[in-house]
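In: sequence isn't available, so here's the structure alone:
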């Protein structure tokens, strides 16, 4: 089963650096769920600020810092849950829903930048949500939570953080780059969705996380064919909308 390189592969080393801080938080009585909620609230709050102050260089330069802090908080809540006995059903929901809500809050404001086509950027945000759903559904199919790239959560943070920093220092975006950015992002996110579905099915059929295949999981080839048909329909609809 092939995996696509992604920034997420650096997470174990990053967690190692944060482990002493996680221990300190646990000793202070701070819970994984509290850390998860903090990351979500801060992300959505920043998104509102970015919509309100789109042209502010200071606000734009804050995004790379915020994305790094969010990445640290996401690593910390996982370590608190796993290593300090704080796993819970509520925490599982908060973790996955918080990530999706944070992504929308952080990246949806970019859809209103005049350089980018609103429709392409909205499609990118929607696909980011779908890619996370594809990763979670793998667990239902008997596989592990999928984090395949090439455009996972950490990769999106790198891309949008770099974009915000670029604008934050006062540099403009070339017309050709603005034209290609969103469609390329949509392409990479689409590949990410397919990779997570394909690899999740392969893992489940090979025995899954418990060494037992899930015979109720849908056939991989049939599911990918369905995804292909749906992609064609969406492309035709998008072309029809653009022609009008």
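Out: Thanks, I have the structure now. Since the model is a prediction, treat every value here as computed from it, not as a measurement.
In: centre-most residue in this structure?
Out: residue 153 (3.0 Å; Cα atoms, centre = their mean).
In: that residue - nearest residue in space that isn't next to it in sequence?
Out: Closest residue to residue 153 apart from its sequence neighbours, by Cβ to Cβ, 6 or more residues apart in numbering: residue 99 at 6.6 Å. Where C-beta positions appear, they are placed from N, C-alpha and C, glycine not excepted.
In: how about residue 124?
Out: Using Cβ to Cβ, 6+ apart, the closest residue to residue 124 is residue 185 (4.6 Å).
In: just give me the neighbour total for that neighbour.
Out: Neighbours of residue 185 under the rule other Cβ atoms under 10 Å: 24.
In: how about residue 42?
Out: If we define neighbours as other Cβ under 10 Å, then residue 42 has 17 of them.
In: which element, helix or strand, includes it?
Out: helix 32-52 (DSSP states H and E).
In: show the contacting residues for residue 115.
Out: 173, 175, 178 (Cβ atoms under 8 Å, 6 or more residues apart in numbering).
In: for the residue nearest to residue 124, grab phi and psi.
Out: Main-chain torsions, residue 185, degrees, to the nearest 10: phi -60, psi -40.
In: what strand or helix carries the closest residue to residue 40 other than its chain neighbours?
Out: Distances taken as Cβ to Cβ, 6+ apart put residue 98 closest to residue 40, at 4.0 Å, once the chain neighbours are dropped. For residue 98, the host element (DSSP H and E) is helix 89-107.
In: I'd like to know which elements that helix is packed against.
Out: With contacts taken as 3 or more Cβ pairs under 8 Å, 6 or more residues apart in numbering; DSSP states H and E, helix 89-107 sits against helix 32-52, helix 57-83, helix 118-140, helix 153-168.
In: among those, which comes closest to residue 192?
Out: Nearest to residue 192, of all the helices and strands packed on helix 89-107, is helix 118-140, at 4.7 Å by Cβ to Cβ.
In: in that closest one, what's buried?
Out: Under the neighbour-count criterion of 16 or more other Cβ atoms under 10 Å, helix 118-140 has 120-121, 123-125, 127-128, 130-132, 134-139 buried.
In: what are the contacting residues of that helix?
Out: So helix 118-140 is contacted by 96, 99-100, 103-104, 107-108, 110-113, 144-148, 151-153, 156, 182-183, 185-186, 189-190, 192-193, 196-197, 199-200, 203-204, 238, 241-242 (Cβ under 8 Å, 6+ apart).
In: can we see that at 7 Å?
Out: Counting by Cβ atoms under 7 Å, 6 or more residues apart in numbering, the neighbours of helix 118-140 from elsewhere in the structure are 96, 99-100, 103-104, 107-108, 110-111, 144-147, 156, 182-183, 185-186, 189-190, 192-193, 196-197, 200.
In: same check on stretch 161-171?
Out: Against stretch 161-171 from outside (Cβ under 7 Å, 6+ apart): 57, 60-61, 63-64, 67.
In: just the buried residues out of these, in ChimeraX syntax.
Out: Under the burial definition 16+ other Cβ under 10 Å, those of the contacts of stretch 161-171 that qualify are selected in ChimeraX by:
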select :60,63,64,67
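In: with distance to residue 21 and pLDDT added, can I get the contacts of stretch 161-171 in CSV?
Out: Compiled in CSV, the contacts of stretch 161-171 are given as follows (distance: Cβ to Cβ, whole Å; pLDDT from 0 to 100):
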residue, distance to residue 21, pLDDT
57, 30, 95
60, 28, 96
61, 25, 97
63, 22, 96
64, 20, 96
67, 18, 94
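In: of the helices and strands packed on helix 89-107, which is nearest residue 15?
Out: helix 57-83 (5.1 Å).
In: distance from the helix or strand where residue 25 lies to the middle of the chain?
Out: Applying DSSP H and E as the criterion places residue 25 in helix 11-27. Distance, stretch centre to chain centre, for helix 11-27: 22 Å (Cα atoms, centre = their mean, to the nearest Å).
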